[in-house]
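S.K.: what's the 3D shape of this:
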Amino acid sequence: MTTLAAKHDASGDAGPAQANASGRVEFRVSPAGYKHWRISVEGPVATLVMDVDEHGGLVPGYELKLNSYDLGVDIELYDAVQRLRFEHPEVRTVVITSGKPKIFCAGANIRMLASSAHGWKVNFCKFTNETRNGIEDATANSGQTYLAAVNGTASGGGYELALACEHIMLVDDRSSAVSLPELPLLGVLPGTGGLTRVSDKRHVRRDLADYFSTRPEGIGGKKAVLWRLVDEAVPRPRWDETVAERAAELAGRSSRPQDAAGVALTPLDKSRDDEAISYSCVSARLNRDTGSVDILVRGPADAPPASIADAAGQGTGFWPLAVTRELDDLILDLRTNENELGTWVLRTEGEAARVLAYDDFLLANAGDWFGNEVLHYLKRVLRRLDVTSRSLLAVIEPGSCFAGSLFELALAADRSFQLAGVFEDADRNTGDADADPAAVTLGEINFGPLTMSNGLTRLQTRFWGDDAGLAAAGKRRGTALEAEDAADLGLITFAPDDIDWDEEIRIAIEERASFSPDALTGLEANYRFAGPETMETKIFGRLTAWQNWIFNRPNASGPDGALRRFGTGQRAQFDRKRV
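M.R.: This is a model prediction of the structure:
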């Protein structure tokens, strides 16, 4: 048996998740620095043991009792899920269980929630949702099936963690149960998709789900199985044996390679201060005077490797993996630590042909475990961008490489601006007086694997209800489209010329800063996900709308609200009016 902590002990990775001296949260962690999780790997089965350090909260002021969690606990879980996908291709089943007797997980720490600012609560719930979605994505697309071995009571977010797993086993000891007690005890609702997964994933009948969600003590044993809240209830004397049997059975269904070498997620090189954030492929300038961030994504410097084996040999230096990891960390950093910078301006730089070549390389090797993991990781990071409550503007200039996978950034934006022609000032044309006009290029990757949370590509979402427009765009794939053609095809929003360019961008940024951030969050969340509802869009839509609202109401967060009164022995005082 090997442990990830031992494997990374001398790697030089970052330490445990923490808020640093400046108050910023750091998302770069490694198993050697985990406070709350233990990972072991034995052949095709990995075991993730949740053993939360009561005194290891991300910020002072609360104790993480009963395996309750805060953002720091979930940062470690996210890192563990990523490492299992990339570093352990041999793992086919991941068992999540508890290291504490008779308690699986008590969910999000109530003291943390009660003392946190509203924006912190919402961002915490959003990241936790994304981590749960990543677990489901690993089961669906990576051949790593997650099994929840619920060896004690699972409450609230603890049960929601189990719900993210494909198979749920509950110990049948007459005391352990699963529950969603947020409504009766806290005056809120399960913030990480509990209600949606109960109905849409577990297919629990509506009337039974209603009863279950108002019962603080939860439901256990055979009734939990009968109501589809769990898949099986196992007597404690047969627990270890049955969990091992089920893990082996699930592993036998996977097609993940047994003898492939993993790709180590080496430490992410990052420079950060109050004015800028820099990585090898991505950089950001923080403009506090305008409330905006200029984000630059650089295309690859070289051609793709000769084979997928060579790509895996490059490890985290393989451009698609490098740029995806850096975008992931940047989004999380900005979203958590810079919530007053409400407008993100997206730019790219490099050769479009090389971006498209890497895209085609990934598509050609999608059947390989490593190629598959990189594609799905890119998909998940773009989805993280989609659900981020920031205004996104794409700026397409000479020297840009908005092509293929990087054109997804422009498609994710709320508005896009493409320069018509070139700048009269040669220095603005990347120093080249003969620079080519700004162009965008659709590639095969824009029509396939990089789906949004609604199950559609960003092009399908853009042209929802306009099949002719989608078909017309499809006919021009592989063609460098200048502003006029891109505008005619509906691929960009505006095409200003050199004279109006700076003014158009300035006005767009200033206008965004003049609006209500709350209204913008609702506007953007509504418009970004046209088309069908999925479990994922329901979860994030409800988080943005009713969960956001409920968490902020006096009945939950007021001085006499349920969150404040919880654990004091005093009953919450509710405003009884329905609105």
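S.K.: okay, CA-based contacts and neighbour counts for the rest of this
M.R.: OK.
S.K.: just how off-centre is the longest helix along the chain within its chain?
M.R.: Selection of the longest helix in the chain by residue count, based on DSSP state H, yields helix 118-141. For helix 118-141, the distance between its averaged C-alpha position and the chain's averaged C-alpha position is 6 Å (CA atoms, centre = their mean, to the nearest Å).
S.K.: partners of the following helix or strand past that helix in the sheet?
M.R.: From helix 118-141 onward toward the C-terminus, using DSSP states H and E, the following helix or strand is strand 145-150. For strand 145-150, the pairing partners within the sheet under DSSP bridges are strand 93-98 (parallel), strand 167-172 (parallel).
S.K.: Tell me which of the ones you listed lies nearest to P496.
M.R.: For those, proximity to P496 was assessed by CA to CA; strand 93-98 is nearest, at 51.8 Å.
S.K.: before we move on, back to that, so for V395, which of the strands paired with strand 145-150 sits nearest?
M.R.: Ranking those by their distance to V395 (criterion: CA to CA) puts strand 93-98 first, at 41.9 Å.
S.K.: if we can go back for a sec, as TSV, the strands paired with strand 145-150 with distance to K65, mean pLDDT and mean neighbour count would be great.
M.R.: As requested, these are arranged in TSV below (distance: least, CA to CA, whole Å; pLDDT from 0 to 100; neighbours: other CA atoms under 10 Å):
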stretch	distance to K65	mean pLDDT	mean neighbour count
strand 93-98	13	98	24
strand 167-172	21	98	24
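S.K.: As CSV, the ones you listed with distance to L341 would be great.
M.R.: Rendered in CSV, the data for the strands paired with strand 145-150 read as follows (distance: least, CA to CA, whole Å):
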stretch, distance to L341
strand 93-98, 37
strand 167-172, 41
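S.K.: can you tell which of those is closest to D328?
M.R.: Across the strands paired with strand 145-150, the minimum distance to D328, taken as CA to CA, is reached by strand 93-98, at 23.2 Å.
S.K.: which outside residues touch that closest one?
M.R.: 44-51, 104-105, 144-152, 247-248, 250-251 (CA atoms under 8 Å, 6 or more residues apart in numbering).
S.K.: Nearest to A357, out of the strands paired with strand 145-150?
M.R.: Checking those against A357 by CA to CA gives strand 93-98 as the closest, at 33.8 Å.
S.K.: How far away from the center of its chain is the next helix or strand after that closest one?
M.R.: Once the chain leaves strand 93-98, the next helix or strand it forms, by DSSP H and E, is strand 102-105. Here the centre of strand 102-105 is set off from its chain's centre by 26 Å, with CA atoms, centre = their mean.
S.K.: Next, the contact list for the most centrally placed residue in the chain, please.
M.R.: Note on the chain: the residue nearest the mean C-alpha position is E130, at 3.6 Å, using CA atoms, centre = their mean. With CA under 8 Å, 6+ apart as the criterion, the residues that contact E130 are R384.
S.K.: Likewise for the one 5 residues further on?
M.R.: Contacts for I135 were tallied using CA under 8 Å, 6+ apart; they are V81, Y146, A164, C165.
S.K.: swap in A439?
M.R.: Taking CA under 8 Å, 6+ apart as the definition of contact, the neighbours of A439 are I396, E397, P398, S400, C401, F402, Q418, A480, L481, E482, A483.
S.K.: now do G194
M.R.: Counting by CA under 8 Å, 6+ apart, G194 has contacts G156, G157, Y159, E160, L163, L180.
S.K.: Equivalent analysis for A177, please.
M.R.: A177 makes contact with G152, T153, A154, L170, E217, G218, I219, G220, G221, according to CA under 8 Å, 6+ apart.
S.K.: which residue sits closest to the fifth one in space, ignoring its chain neighbours?
M.R.: Nearest-residue entry for E217: S179, 6.5 Å, with adjacent residues in sequence omitted and distances by CA to CA, 6 or more residues apart in numbering.
S.K.: Please state the backbone phi and psi of the one you found?
M.R.: Backbone geometry at S179, expressed as degrees, to the nearest 10, gives phi -160, psi 160.
S.K.: what's the answer for the one 10 residues further on, then?
M.R.: Dihedral angles phi and psi of L189 (degrees, to the nearest 10) take the values phi -130, psi 160.
S.K.: Can you check the pLDDT for it?
M.R.: In this prediction, L189 carries a pLDDT score of 84.
S.K.: give me the number of residues near it?
M.R.: Using other CA atoms under 10 Å, L189 has 22 neighbouring residues.
S.K.: correct me, but it touches E160?
M.R.: No: L189 lies out of contact with E160 (CA atoms under 8 Å); the separation is 11.7 Å.
S.K.: returning to that earlier point: if you rank the contacts of I135 by neighbours, which is first?
M.R.: Greatest neighbour count in those, by other CA under 10 Å, goes to Y146: 29 neighbours.
S.K.: quick one, what contacts it?
M.R.: Listed by CA under 8 Å, 6+ apart, the contact set of Y146 reads T93, V94, V95, I96, I135, E136, A138, T139, C165, E166, H167.
S.K.: ok, of the residues you listed, which one's closest to L332?
M.R.: In terms of CA to CA, no member of the contacts of Y146 lies closer to L332 than I135, at 17.9 Å.
S.K.: roughly how far apart are that closest one and V94?
M.R.: The gap separating I135 from V94 is 10 Å, by CA to CA, to the nearest Å.
S.K.: still on that earlier bit, measure the residue nearest to E217 to R390 for me?
M.R.: Counting by CA to CA, the gap between S179 and R390 amounts to 34 Å.
S.K.: Repeat that for R298.
M.R.: For R298, the distance to R390 equals 21 Å [CA to CA].
S.K.: So for these two, which residue has more residues nearby?
M.R.: Between R298 and R390, counted using other CA under 10 Å, the more crowded position is R390 (25 against 21).
S.K.: List the contacts of the nearest residue to that one once chain neighbours are set aside.
M.R.: If the residues on either side of it in the chain are set aside, R390 comes closest to G342, at 5.1 Å by CA to CA, 6+ apart. For G342, the contacting residues are G291, S292, V293, S389, R390, S391, A513, P517, taking CA under 8 Å, 6+ apart as the criterion.
S.K.: try 6 Å this time
M.R.: G291, S292, R390 (CA atoms under 6 Å, 6 or more residues apart in numbering).
S.K.: and which of the residues you listed is nearest to S30?
M.R.: When those are compared against S30 (criterion: CA to CA), the nearest one is R390, at 28.6 Å.
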